[in-house]
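> Fold the following.
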Amino acid sequence: MDLFRKRALMCSLGRFSGHSILVLQVTLNYTIHAFKSDILAGLKCDIDGNTIDQTTPPPPQTEASPTDWTPYDSCVAFETAEFLFTRNQMSAGQIDTLLNLWGSTLIKHQDTPPFSSHRDLYNTIDMTPLGGVTWENFLMSYNGVRPAENVPPWMTSTYEVWFCDPRLLIHNMLANPDFDGKIEYVPYWDYNDKDQHCFKNFFSGDWAWNQADIISEDPANHRSTFVPLIVGSDKTTVSVATGHTEYHPLYLSIGNIFNSVRRAHRNGVVLVGFLAIPKSTKEHLQDIDFRNFRRQLFHYSLAKIFESIKPNMTTPDIVCCPDGHYQRVIYGLGPYIADYPEQALLSGIVAGWCPKCLNNRKDLDREGPSLLQCREHTNLLIEELDQTKLWFEYSIIDHVVPFTSDFPRGDIHELLSLDLLHQIIKGIFKDHLVTWVEQYLEHTHSTSHAAEILDDIDRRITAIAPFAGLRRFPEGHGFNQWTGDDSKALMKVYLPAIRGHVPQDVICTFKVLTEDDLTQLQDALDRFHQYREVFKTTGVVPTFSLPRQHSLKHYLLMIRCFGAPNGLCSSITESKHIKAVKEPWRRSSRYKALGMLQGSCMSDTLRALRQDQSVEGDVANIIDRPTIEAHVELAASPVSGGARDVSALALELGLPNFPTILQQFLYDQLHIADPDPPIFDPATAPAFMGRVSVFSSAAASFYAPSDLSGGPARNDCVLVNMNDNFKCGVDGLAIARVLQFCTFKYRTQYLPFALVHWFSYTSNTRDPDTGMFIVVPSINDDRTPDISIIHIDCIVRAAHLIPVYGVNFLPHAITLHDSYNVFHAYYINKYADHHAFKVA
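Okay, the predicted model is just below:
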């Protein structure tokens, strides 16, 4: 849908960047509001904070000399450091061995390697004057009442927290020129051509807008830019073999940058520090004093780490922005990304309750609106009620003071963000529904028969045809160590695999989790609550009062507040673990965190110098393109063996009528601009019997905001644009299986084409249970396959088909290589990726 943008800006002089692609859209009835021009404007200023002419060009940037590799002796020295430390991730001992061997070969040349040892290498990286923010630390310990004897070890231990100054980290992010054009300076509301409110990036949500209203109540803050901090924390285990070595990293981003930038990292998400993880013996693990201390330690650490930004939450900070200009900046605590256990810890509630509302844990999804928790209400309850009543009736732990209480405009209940990964993908889908399906089968069938059905479901999943970017499950889904990527991949293929083995209501329960229009979010939630009852009526589960399922009730509000949910998902912080925690830990001594902290800082420093010197390196593969349109092109080179003549290719393909099919294609191309072409006559139409180049694949580029997509398209099935000549199924798109990619030259024109076998839609509407169209291989009147040639420009993208398995068990002999050959009907998998979800 073509989108035009109406922006109800918070001032008439504010700056914003035009960007009209929507990832997720929520339709709400809004009217355009008029606002005064004296609110937050995001105006340019000088280094002293004085507003300047808004047309003034930015001050010149000092660029490093292409030969200046300070503190490295040369480009070779820098490349060596980056290769050993970042790419190869070589250990200190192996670095010393390599440098010694290298040095022995240079003795006869009276030369030495760029570094004498691993310590010399590390010290050089530490001296790099770019990108690094100094690591700091503080110590904490228990200062409460201790028993007279047998003092628990946790009471005498000292806990160390390492962190970087978040204010300086934000300065680095805001000064990053890579973010120019991908950052918002003023909160806004987006409307489509129907005057419906649309949400995408964080600044398009209501929360940033409302915060700006509050900040602007102080006239001294006018003309400033609001910079909300997006914080995330998540424990991770770096080694199971050495005793579950755990770390608790803390990450930081800013709400101004686009969601796509934050998801691709691109220095839009940075490591702030490592929180302490108090340990206790099993004897004292459940002591109330230890549990309260652990909670208080967590909140005090966060308050201490972010105290440097507190003054500038009410008084502007002068910061250089990506466009090179200075601006007056007001900070604020924004959404906090965390899984449910950490959300409970952050909000100071009892586990099993909701951190967002006051619904009782025994009936979280009760009918009617939910009263939201807030900071003022919690403080009032703590003042008026005793500890027992707070715990059992309001889920409040009175010993916990959320860290947000130390900051202006900070309410942890409001700031806890939605989390697609842990709430829907890992939570509702994997931990609940997939598990419930297995329990349902075991509950309604004998143990042996349930096992047979589960094995058949695994065989169905295994037999699904491969697809670019789609994870395969060669052994089915019955494995123990599940990752978020595993759950997301299974979601894309699970529904067709279980159909025929479970009731219709179970199928519909899965389907409503994947609605393509968030305007129907509440309706989808109501249907989910309706269909999931099958698991209660069959005795699989006793209650649905589950916090992660209940979180869906707050999604509509959270999207209105914070924009599209893909910008605040914990998958962003979990994927950061690899570079920020796990790889540096492998390079460290694996004894204490200090080596890992230096490793993280060194990696950031090397990346900063590489960017400063414009050295070619890894770049996030992000292309700003429309959401639907795609571009398809043949592989760079034809297959080996050279071109074939038409007769030889017909024999190879087993298609005696291939010359006639090619003649028809050539005729269509020659009359493509003719509004009333003559009827095709093989006797008079030009024929081509020359050489044809054969290609093994083609590649499609398309818009995918949340998942990294791409790679060569497989020679299987495609969506074909039929324009106005095709009214069935997906609007204007037909399905075909590619048999061969080719090109030939006719006179002066190269004509790339695909030989395809067509599929036919079984209905003009989607299957009501799965939400997917069903197609069957098309045949001619004489029962031969319906095969023709199309120009490659007609191909929109690759399509993924999943067999309609029915109720019968799948023979063991069928594999993924048979998927497109032996079944009679197929689902068009709209869940393969974001682009397929939009077009199919």
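
> burial of the closest residue to residue 350 other than its chain neighbours, as a residue count?
Spatial nearest neighbour of residue 350, chain neighbours left out: residue 395 (4.3 Å); criterion: Cβ to Cβ, 6 or more residues apart in numbering. Where C-beta positions appear, they are placed from N, C-alpha and C, glycine not excepted. Residues lying near residue 395 (other Cβ atoms under 10 Å) number 22.

> In contact with residue 395: list those residues for me.
Neighbour list for residue 395: 349, 350, 352, 353, 361 [criterion: Cβ atoms under 8 Å, 6 or more residues apart in numbering].

> Could you rerun that using 6 Å?
Residues counted as contacts of residue 395 (Cβ atoms under 6 Å, 6 or more residues apart in numbering) are 349, 350, 353.

> for residue 213, same thing?
Counting by Cβ under 6 Å, 6+ apart, residue 213 has no contacts.

> so it sits in a helix?
Yes. Counting by DSSP: H, G, I helix; E, B strand; the rest coil, residue 213 falls inside a helix.

> can you pull the pLDDT of it?
Here, the pLDDT recorded for residue 213 equals 89.

> what's the spacing between the closest residue to residue 134 other than its chain neighbours and residue 124?
Once flanking residues are discounted, residue 134 sits nearest to residue 164: 7.2 Å by Cβ to Cβ, 6+ apart. Using Cβ to Cβ, to the nearest Å, one gets 21 Å for the distance from residue 164 to residue 124.

> who's more crowded, the two?
Just comparing residue 164 and residue 124: by other Cβ under 10 Å the higher neighbour count belongs to residue 164, 24 against 18.

> you'd agree that one is up against residue 133?
Yes. The pair residue 164 / residue 133 is scored as a contact, 4.4 Å apart, by Cβ atoms under 6 Å.

> dump the residue contacts of residue 152.
residue 284.

> and what of residue 92?
Shown in contact with residue 92 (Cβ under 6 Å, 6+ apart): residue 118.

> What separation is there between it and residue 73?
Counting by Cβ to Cβ - residue 92 and residue 73 are separated by 21 Å.

> Could you do residue 135 as well?
As defined by Cβ to Cβ, residue 135 lies at a distance of 26 Å from residue 73.

> Residue 663 too?
For residue 663 relative to residue 73 (Cβ to Cβ), the value is 67 Å.

> Next, residue 759: secondary structure please.
Applying three-state DSSP: residue 759 is strand.

> Identify the bridge partners of it.
Residues in a beta bridge with residue 759, per DSSP bridges, are residue 777.

> Now for it: which residues touch it?
Residue 759 neighbours (Cβ under 6 Å, 6+ apart): 735, 775, 777, 778.

> Downstream of the helix or strand of the chain with the lowest mean pLDDT, the next helix or strand is which one?
Using mean pLDDT, DSSP states H and E, helix 593-612 stands out as the lowest-scoring helix or strand of the chain, at a mean of 54. Moving toward the C-terminus from helix 593-612, the next helix or strand (DSSP states H and E) is strand 631-634.

> which other helices and strands contact the next helix or strand after that next one?
On the C-terminal side of strand 631-634, the closest following helix or strand by DSSP H and E is strand 644-645. On a contact count with 3 or more Cβ pairs under 6 Å, 6 or more residues apart in numbering; DSSP states H and E, strand 644-645 meets no helix or strand.

> gap between the residue nearest to residue 350 and residue 344?
Distance from residue 395 to residue 344, by Cβ to Cβ: 9 Å.

> Same check on residue 384?
From residue 384 to residue 344 the distance is 23 Å (Cβ to Cβ).

> Who has more neighbours out of the two?
Shown here are residue 384 and residue 344; by other Cβ under 10 Å, residue 344 has more neighbours (22 against 9).

> Just say helix, strand or coil for the more buried one.
Going by three-state DSSP: residue 344 is helix.

> What of residue 737?
Residue 737 is classified as strand under three-state DSSP.

> Is it bridged to anything, and to what?
Assigned bridge partners for residue 737, using DSSP bridges, are residue 717, residue 757.

> what's the burial count for residue 641?
Neighbours of residue 641 using other Cβ under 10 Å come to 7.

> who touches it in this structure?
Contacts for residue 641 were tallied using Cβ under 6 Å, 6+ apart; there are none.

> picking that back up, can you report phi and psi for the residue nearest to residue 350?
Phi and psi for residue 395, reported as degrees, to the nearest 10, are phi 60, psi 20.

> Next: residue 159.
Torsion angles, degrees, to the nearest 10, at residue 159: phi -110, psi 130.

> My read is that it contacts residue 143, right?
No. Using Cβ under 6 Å, residue 159 is not in contact with residue 143; the gap is 12.0 Å.

> Noted, bye for now.
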